[in-house]
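# based on what follows, work out the 3D shape:
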Amino acid sequence: MKKIQYVKLLGLLTVLLLLNISCKDDDTLLRGSGITEQSWSTNQTYFASAEQTLTFTFTTLSSWTAQNSSAALLSLDNDAGNSGKNTIKITVHKSSQEQGTITIKVNGYSSTSNIKIQLSNDNVEGYEINYSVDQYLKEKYLWNDDYKLLTPNFKQAYDDFLRNTLLSMTTNTLDKKRNSNGTYSLFSFIQKLDPDLQSSRSAKEKKNLEYNYGFVNFVAVQTRNTSNIVFVIQGVHKGSSADKAGLKRGMEIAEINNQKITTSNVQTYYSKLMQPSSPTSIEVKDKDGKVYTIDSGPIYVNPIIHHQVNGQTGYLVYSAFESGFDQELFDVFKEFKNQGIEELILDLRYNGGGDVTSANLISSCIAGDFCIGKTFASYRYNDGRMKALNNQRPIQKFVYSLYDNLNTSLSDGGLNLRKIYCLVTDDSASASELVINALRGIDIEVVLIGTTTHGKNVGMEGVELTVDTDKYLLFPITFQAYNAKGFGDFENGFTPDYEINENKPNGEYFEGYGDFGTESDPLYAKAISLISGTDLVTTTPTRAANQAKEQAQIIATPNLNRIGMIK
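The predicted structure follows:
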């Protein structure tokens with residue numbers, strides 16, 4: 001009888017023990033992956049050629065197993081191991097499956113760690129430049145310590161290499177911008193130089209040739225309940241083919257080479273007009289049927305779109321900080337000073353940035369004597385470079401007393417203003433925001449009119465790289481900029497003091513654009529009303545009469561203008 005009771009008790013204890021183990025497996029697994037060190041990043045995809053072997057190291061707190069999602073593509077030297085330091089070698093094979101994942105599971109832990117691998121394309125031409133790009137990023141990239149932990153796939157096209165590698169990182173958040181569709185774009189960029197264009201960033205006093213029809217930018221507009229789309233011109237560069245043909249701000253392009261603009265080709269035609277890749281000639285037709293023949297040059301693109309003096313108020317529309325046009329820019333400020341302006345409206349609504357030197361020029365001319373000896377900006381570099389600087393941010397002064405690019409004092413254009421009015425949109429970025437921040441850093445009031453600026457508080461130090469006869473310009477993010485008060489956290493943009501959306505200032509629908517420097521432009525009119533103290537009634541004549549009938553809406557297009565703060 002006692003023996004039977006003992007057996008029953010032993011059986012009960014066994015059941016309880018099994019239940020306890022089961023509960024532990026289901027409910028009491030330790031949090032985390034159980035991996036204390038791993039040589040891979042779970043956010044990165046690792047590229048390898050066929051029959052290439054990748055080696056990864058890791059340390060686990062318990063025994064582990066590896067699961068292979070694609071045996072045809074990947075093979076392992078071992079798929080299990082004990083706690084402690086471990087190594088796993090993964091060989092990639094030629095396969096119809098181009099992607100696979102190795103999942104590491106540590107016993108007793110709730111989560112896993114994945115190694116994502118993709119078969120690379122060995123037929124890519126010109127990938128050799130990626131090795132030079134890699135070396136520059138390791139030295140200068142603002143997040144270079146984390147970049148050094150990556151295992152890049154070098155056999156990609158040069159632009160894919162930069163984009164895919166940097167987007168795989170998680171710490172470089174200031175280099176990324178989340179798009180409306182949930183994807184991310186990079187501020188860092190690389191471009192291959194056309195041998196027919198004499199372009200150089202190393203000689204900034206020289207203008208840069210580029211293929212360009214002459215459009216500052218467009219907004220794509222679709223009439224509600226129809227498939228009709230037009231490109232409405234936001235501005236035209238002086239001296240360009242578009243300018244010579246008579247195309248102006250506010251005009252509407254309805255056809256390109258006798259083809260209507262539709263939802264299926266709007267992105268293609270936008271890119272064709274904004275970013276031509278060769279000398280070409282096209283015909284564009286406005287909404288009234290008039291045809292304009294324009295060509296893409298190449299030309300020197302003048303960023304000074306418009307300037308005027310009205311009484312004691314100066315007005316400047318400036319589309320990019322191009323140091324090759326510093327003399328023309330300085331001449332505008334000398335004109336402003338000679339005419340004795342006391343108020344300035346600075347229009348940066350389509351200005352994505354450019355050279356820091358030109359940003360300093362325009363800021364110094366605005367501030368005049370008030371900026372002498374003061375800090376324009378200070379810069380934070382990556383940890384290694386900052387350590388060599390004893391962790392002291394290097395300071396750049398306002399260049400009012402001597403501007404090296406023109407080898408002159410800027411006093412002839414110094415306005416000595418304590419307040420300016422700045423017209424801005426989401427396209428106002430980088431060096432444009434640097435000007436706003438620098439002036440506020442020395443207590444010059446900058447009144448913003450428009451919509452929130454883009455938000456880019458980091459900049460680039462460009463380098464020209466050469467492989468064989470091919471030349472590339474690489475502009476990775478290498479520094480963050482701060483003003484004299486130490487403020488540099490404007491990655492979310494600057495909020496306007498007076499919010500006006502020029503695309504729909506009075507309601508839900510697009511109404512058109514008034515000319516620069518007239519009261520039909522609602523942003524300019526608001527600045528004038530603040531200066532004069534008189535409310536102005538503005539109308540946009542291009543569409544206002546038919547507004548109720550047309551109900552035109554904006555169609556999203558990619559912004560192809562480079563966004564830069566370049567040293």
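# any idea how far Leu346 lies from Val356?
Separation of Leu346 from Val356 (CB to CB, to the nearest Å): 17 Å. From N, CA and C alone the C-beta is placed, and that goes for glycine too.
# ignore the last one, Thr183
On the measure of CB to CB, Thr183 and Val356 end up 29 Å apart.
# which of the two has more neighbours?
Set Thr183 next to Val356 and count neighbours by other CB atoms under 10 Å: Val356 wins out with 27 against 9.
# for the nearest residue to that one once chain neighbours are set aside, give me its contacts.
Sequence neighbours aside, Lys567 is the residue nearest to Val356 in space, at 5.0 Å (criterion: CB to CB, 6 or more residues apart in numbering). Shown in contact with Lys567 (CB atoms under 8 Å, 6 or more residues apart in numbering): Asp355, Val356, Gly459, Met460, Glu461, Phe479.
# which pLDDT value belongs to Lys567?
We have a pLDDT of 88 for Lys567.
# any idea how far Val232 is from it?
Distance from Lys567 to Val232, by CB to CB: 35 Å.
# taking the centroid of this protein, which residue is nearest it?
For the chain, Phe187 is the residue whose C-alpha lies nearest the centre (CA atoms, centre = their mean; 3.2 Å).
# was I right about Leu389 contacting Asn382?
No - taking CB atoms under 8 Å as the definition, Leu389 is not a contact partner of Asn382, at 10.9 Å.
# could you report the neighbour count for Lys138?
With other CB under 10 Å as criterion, Lys138 counts 15.
# now do the phi/psi pair for it.
The phi/psi pair for Lys138 (degrees, to the nearest 10) reads phi -60, psi -30.
# ok, which stretches of the stretch 101-250 of the chain are strands?
112-119, 176-178, 184-186, 189-192, 209-210, 215-223, 229-236 (DSSP state E, counting those that start in this stretch).
# can you add distance to Tyr403 and mean pLDDT and give the ones you listed back as CSV?
As requested, those are arranged in CSV below (distance: least, CB to CB, whole Å; pLDDT from 0 to 100):
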stretch, distance to Tyr403, mean pLDDT
strand 112-119, 50, 88
strand 176-178, 32, 84
strand 184-186, 32, 86
strand 189-192, 28, 92
strand 209-210, 24, 90
strand 215-223, 26, 90
strand 229-236, 27, 94
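# most tightly packed of these?
Ranked by mean neighbour count under mean count of other CB atoms under 10 Å, the strands of the stretch 101-250 of the chain are led by strand 229-236, which reaches a mean of 23.
# angle of that one against strand 215-223?
150 degrees (axes from the mean of the first three to the mean of the last three CA atoms, to 10 degrees).
# measure the spatially closest residue to Ala320 that is not a sequence neighbour to Asn351 for me?
Nearest residue to Ala320 in three dimensions, chain neighbours excluded: Pro303, at 4.1 Å (CB to CB, 6+ apart). Here Pro303 is placed at a distance of 8 Å from Asn351 (CB to CB).
# phi, psi of Thr268?
Backbone torsions for Thr268, taken as degrees, to the nearest 10, come to phi -60, psi -50.
# what about Leu389 and Asn382, which has more around it?
Asn382 (20 against 12).
# quick one, what contacts that one?
Applying CB under 8 Å, 6+ apart, the residues near Asn382 are Lys140, Tyr141, Leu142, Trp143, Asn144, Asp145, Thr478.
# now swap in Asn212 and tell me
Counting by CB under 8 Å, 6+ apart, Asn212 makes contact with His237, Ser240, Pro276, Ser296, Gly297, Pro298, Ile299, Val301.
# the first one touches Asp243, doesn't it?
Put plainly, it is His237. Yes - counting by CB under 8 Å, Asp243 is a contact partner of His237 at 6.3 Å.
# so what's in contact with those two at the same time?
By CB under 8 Å, 6+ apart, the residues touching both His237 and Asp243 are Gly214.
# who's more crowded, these two?
Shown here are His237 and Asp243; by other CB under 10 Å, His237 has more neighbours (22 against 18).
# spatially, which residue comes closest to that one, not counting chain neighbours?
In this structure, His237 finds its nearest non-sequential neighbour in Gly214, 4.6 Å apart by CB to CB, 6+ apart.
# before we move on, the earlier item: okay, Pro303 and Asn351: which has more neighbours?
Neighbours per residue (other CB under 10 Å) separate Pro303 from Asn351, with Asn351 holding more: 31 against 21.
# from Tyr109, how far out is that one?
52 Å.
# just Arg418 next, same as before
The spacing between Arg418 and Tyr109, counted by CB to CB, is 62 Å.
# which one's more surrounded, these two?
Neighbours were counted for Arg418 and for Tyr109 using other CB under 10 Å; Tyr109 has more, 19 against 14.
# just checking, Lys397 touches Ser378?
No - if you go by CB under 8 Å, Lys397 and Ser378 don't touch, sitting 10.2 Å apart.
# follow-up on the earlier one: what sits against the residue nearest to His237?
By CB under 8 Å, 6+ apart, the neighbours of Gly214 are Val236, His237, Gly239, Ser240, Ser241, Ala242, Asp243, Leu247, Ile294, Ile299, Val301.
# please consider this matter closed, and thank you.
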